[in-house]
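>>> Below is the structure, and that's it, no one-letter string:
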């Protein structure tokens, strides 16, 4: 858990990745009941993985593809380009 500015914790301002980490933890804490079960923890982990995958697919992969076209790809992928 990152140490964040206590004022930002109260206001919910997200100005750094540490603040974002803190806010995500707070959201998870509000979602989980007292004494969560393994299945509930597992469900939260599944959501986090899905969020990670969607973020990569929708935002990061297109960005990386654009940069590889602009700057040239690197080995070993430069001989295996597939269109996105």
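Now that the structure is in, tell me what you want to look at. What you see is a predicted model; the values in this text were computed from it and never measured.
>>> Grab the most central residue of this protein for me.
residue 52 (4.5 Å; C-alpha atoms, centre = their mean).
>>> so what pLDDT did it get?
In this model, residue 52 is scored at 97, pLDDT.
>>> how far away is it from residue 46?
Computed as C-beta to C-beta, to the nearest Å, the residue 52 to residue 46 distance reads 11 Å. Backbone N, C-alpha and C define where each C-beta goes, glycine included.
>>> follow-up on the earlier one: wait, what's in contact with the residue nearest to the centre of the chain?
By C-beta atoms under 8 Å, 6 or more residues apart in numbering, the contact set of residue 52 is empty.
>>> buried sites along stretch 61-68?
For stretch 61-68, burial by neighbour count (16 or more other C-beta atoms under 10 Å) applies to no residue.
>>> Quick one: mean pLDDT over it.
94.
>>> from the middle of its chain, how far away would it be?
On the basis of C-alpha atoms, centre = their mean, to the nearest Å, stretch 61-68 is displaced by 18 Å from the centre of the chain it belongs to.
>>> wait, what's in contact with residue 60?
No residues are in contact with residue 60 under the rule C-beta under 8 Å, 6+ apart.
>>> Pull the distance from the longest helix along the chain to the chain's centre.
Across the chain, the longest stretch assigned as helix under DSSP state H is helix 38-55. The chain centre lies 11 Å from the centre of helix 38-55; the measure is C-alpha atoms, centre = their mean.
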